[in-house]
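Undergrad: using only what follows, build the 3D model:
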Amino acid sequence: MKKQNRLTTYILIGLALGIITGYVANTTLANPVGFADTMALVTTLFLRLIKMIIAPLVFSTLVVGIARMGDASEVGRIGVKTLGWFFIASLLSLTLGLIMVNLFRPGDALLGHLPTTATATGIVTSGLTLKEFITHLVPTSIIDGMGKNEILQIVIFSLFFGSAAAAVGEKATPMVDALDGVAHVMLKVTGYVMKFAPFAVFAAVAGVIAKSGLKVLSTYGVFMAEFYFSIGLLWALLIGIGFLFLGARIFKLIAEVREPVLLAFSTASSEAAYPKTLEGLERFGVRNRIASFVLPIGYSFNLDGSMMYCTFATVFIAQAYGIEMSLGQQMTMMMVLMLTSKGMAGVPRASLVVIAATLSQFNIPEAGLVLLLGIDHFLDMARSATNVIGNSIATAVVAKWEGELVDPIERELADAPLP
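TA: Have a look, this model is predicted:
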């Protein structure tokens with residue numbers, strides 16, 4: 001946590017120094033555009049580092065998550081209910097993000113101010129029409145798919161591979177454990193990559209301000225306000241749906257998980273709040289066997305705040321580059337994100353990795369992603385808190401469906417010794 005706070009401090013320092021450097025370059029240099037192009041080299045390096053981790057990270061985390069769900073009938077029944085809820089919540093989150101970004105259109109304010117030279121990442125991209133989406137779902141070779149960073153093909157292969165590992169059972173355990181080790185190694189690599197973030201933020205902000213001046217800064221404040229408003233609507237929607245199943249007890253649930261929500265918000269990490277969330281759910285009346293099963297899966301498959309941000313930020317970057325996405329393209333993008341967002345559990349700055357993979361699929365310049373790094377911590381605070389809320393509601397609803405949600409007072413009386 002201290003290291004994360006230190007990284008955030010460095011990113012903020014990079015942001016501040018980038019603003020100062022960009023302003024000086026804009027007002028004193030004869031060719032500020034050339035300076036911006038030079039700064040773009042740093043952002044290009046960072047983007048390539050992010051791209052480097054996508055394939056092994058998606059494969060290892062998704063396979064391990066699926067394989068460890070097991071294949072017993074009870075686990076299967078609870079798993080189907082859990083994943084069904086996660087699918088609906090994911091669809092609502094992604095759709096709300098699309099609606100709000102098209103309503104606010106925050107990217108229009110940056111139109112013409114963003115660099116395009118920082119988009120040469122060497123990753124093969126495609127326009128991904130509906131026809132291309134269908135034909136690219138299944139890889140002819142997983143090695144080729146990983147080599148080209150074809151994220152959809154990696155996800156489809158991982159789904160088959162993880163399901164087969166779960167069906168094999170104990171014989172696949174050593175392999176699943178090995179892939180779990182790969183996942184942890186890739187998380188460590190992700191931490192190394194994020195150490196370059198302050199330099200990327202400095203270069204990106206300095207380049208933009210050198211080219212366009214300080215007037216672009218107001219866009220950050222507007223973007224954050226619009227995103228937080230959208231997150232508030234998502235909270236209201238999730239709590240409203242929870243009310244349909246839990247009744248007035250939904251407000252008791254929110255009170256029980258208030259501490260982990262605040263912890264997730266302040267640390268910008270929903271993972272940091274996991275133990276407290278589990279405790280809050282058990283105090284609420286969710287039996288441990290349900291909470292300890294649904295909640296970890298939720299951290300892999302039900303990142304509501306992060307998913308809403310993915311659609312919001314992706315279309316924002318497209319708007320900033322003057323790329324108008326049709327309704328069909330946005331629906332296709334939502335299907336892409338529905339898949340790719342499921343393989344990023346526990347990844348620091350997970351949304352950035354998912355967005356980076358999505359941008360390359362739709363021919364949207366990836367340089368715009370780096371511009372979000374300066375404020376990403378503040379956006380991640382809202383996303384992380386929302387992830388905790390979404391997973392808490394999901395766990396409580398599944399427990400209610402399974403008849404495993406009890407009144408804490410009744411349970412305390414039942415467990416009390418007879419006089």
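Undergrad: looking at the chain, which helix or strand is least sure?
TA: Here the helix or strand of the chain ranked lowest by mean pLDDT, DSSP states H and E is helix 408-415, holding a mean of 54.
Undergrad: output the below-cut-off pLDDT ranges for the stretch 301-419 of the chain.
TA: Residues of the stretch 301-419 of the chain meeting the criterion pLDDT under 70: 340-350, 374, 377, 408-419.
Undergrad: helices of that one, start to end?
TA: All helices of the stretch 301-419 of the chain, identified by DSSP state H, counting those that start in this stretch, fall at 304-320, 327-340, 350-361, 367-371, 373-401, 408-415.
Undergrad: turn the ones you listed into JSON lines, columns for mean neighbour count.
TA: Glycine gets a C-beta too; all of them are placed from N, C-alpha and C. Formatted as JSON lines, the helices of the stretch 301-419 of the chain follow (neighbours: other Cβ atoms under 10 Å):
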{"stretch": "helix 304-320", "mean neighbour count": "27"}
{"stretch": "helix 327-340", "mean neighbour count": "18"}
{"stretch": "helix 350-361", "mean neighbour count": "25"}
{"stretch": "helix 367-371", "mean neighbour count": "27"}
{"stretch": "helix 373-401", "mean neighbour count": "24"}
{"stretch": "helix 408-415", "mean neighbour count": "10"}
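Undergrad: run a quick neighbour tally on Ile19.
TA: Applying other Cβ atoms under 10 Å, we find 18 residues neighbouring Ile19.
Undergrad: how close does it get to Gln329?
TA: To Gln329, Ile19 is 34 Å away according to Cβ to Cβ, to the nearest Å.
Undergrad: now do Gly145
TA: For Gly145, the distance to Gln329 equals 22 Å [Cβ to Cβ].
Undergrad: go on, Gly14?
TA: From Gly14 across to Gln329, the span is 33 Å (Cβ to Cβ).
Undergrad: now do Met338
TA: With Cβ to Cβ as the criterion, Met338 and Gln329 are 15 Å apart.
Undergrad: repeat for Ile50
TA: Per Cβ to Cβ, Ile50 is found 23 Å from Gln329.
Undergrad: same thing with Phe229?
TA: The value you get for Phe229 to Gln329, if Cβ to Cβ is used, is 25 Å.
Undergrad: over to Tyr220?
TA: As judged by Cβ to Cβ, Tyr220 and Gln329 stand 26 Å apart.
Undergrad: same thing with Asp376?
TA: 25 Å.
Undergrad: hmm, Met308 is touching Leu96, no?
TA: Yes: Met308 lies in contact with Leu96 (Cβ atoms under 8 Å); the separation is 5.7 Å.
Undergrad: who touches both of the two?
TA: Ser230, Leu234 (Cβ atoms under 8 Å, 6 or more residues apart in numbering).
Undergrad: ok, now how distant is Ala30 from Val208?
TA: Here Ala30 is placed at a distance of 19 Å from Val208 (Cβ to Cβ).
Undergrad: ugh, wrong one, I meant Gly76
TA: Taking Cβ to Cβ, one finds Gly76 at 51 Å from Val208.
Undergrad: same thing with Leu253?
TA: Using Cβ to Cβ, one obtains 43 Å as the distance from Leu253 to Val208.
Undergrad: next: Met39.
TA: Met39 is 9 Å from Val208, where distance means Cβ to Cβ.
Undergrad: now do Val63
TA: 39 Å.
Undergrad: list the contacts for Met333?
TA: Met333 neighbours (Cβ under 8 Å, 6+ apart): Thr311, Thr314, Val315, Met325, Thr358, Gln361, Phe362.
Undergrad: so the fifth one touches Cys310, yeah?
TA: Yes: if you go by Cβ under 8 Å, Thr358 and Cys310 touch, sitting 6.9 Å apart.
Undergrad: mutual contacts of these two, please.
TA: Residues touching both Thr358 and Cys310 by Cβ under 8 Å, 6+ apart: Leu337.
Undergrad: list the contacts for Ile142?
TA: With contact set as Cβ under 8 Å, 6+ apart, Ile142 has these partners: Gln153, Ile154, Phe157.
Undergrad: can you redo the helices of the stretch 301-419 of the chain as JSON lines with distance to Gly169?
TA: As requested, these are arranged in JSON lines below (distance: least, Cβ to Cβ, whole Å):
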{"stretch": "helix 304-320", "distance to Gly169": "32"}
{"stretch": "helix 327-340", "distance to Gly169": "26"}
{"stretch": "helix 350-361", "distance to Gly169": "30"}
{"stretch": "helix 367-371", "distance to Gly169": "41"}
{"stretch": "helix 373-401", "distance to Gly169": "25"}
{"stretch": "helix 408-415", "distance to Gly169": "34"}
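Undergrad: so which of those is nearest Lys81?
TA: Lys81 sits nearest to helix 373-401 of all the helices of the stretch 301-419 of the chain, at 5.5 Å, using Cβ to Cβ.
Undergrad: neighbour-wise, which of Gly76 and Val208 wins?
TA: Using other Cβ under 10 Å as the criterion, Gly76 and Val208 rank with Val208 on top: 27 against 13.
Undergrad: so the more buried one, which state does it fall into?
TA: Here Val208 is helix, with the state taken from DSSP: H, G, I helix; E, B strand; the rest coil.
Undergrad: do you know the pLDDT at it?
TA: Looking at Val208, its pLDDT stands at 77.
Undergrad: what's the longest helix in the chain?
TA: helix 32-67 (DSSP state H).
Undergrad: that one: what's the following helix or strand?
TA: Next helix or strand after helix 32-67 toward the C-terminus (DSSP states H and E): helix 73-104.
Undergrad: and the gap between the residue sitting nearest the centre point of the chain and Ile389?
TA: Closest residue to the average C-alpha location of the chain: Ser351 at 3.1 Å, with Cα atoms, centre = their mean. Ser351 sits 17 Å away from Ile389, going by Cβ to Cβ.
Undergrad: got it, and Ile11?
TA: Counting by Cβ to Cβ, the gap from Ile11 to Ile389 is 25 Å.
Undergrad: could you do Leu111 as well?
TA: Leu111 sits 34 Å away from Ile389, going by Cβ to Cβ.
Undergrad: hmm, Met334 is touching Ser93, no?
TA: No: assessed by Cβ under 8 Å, Met334 is found out of contact with Ser93, at 10.1 Å.
Undergrad: was I right about Thr277 contacting Val388?
TA: Yes: assessed by Cβ under 8 Å, Thr277 is found in contact with Val388 at 5.7 Å.
Undergrad: okay, and the common contacts of those two?
TA: Val257, Pro260.
Undergrad: quick one: pLDDT of the residue nearest to Pro56 when sequence neighbours are not counted?
TA: In this structure, Pro56 finds its nearest non-sequential neighbour in Met186, 5.3 Å apart by Cβ to Cβ, 6 or more residues apart in numbering. pLDDT for Met186: 82.
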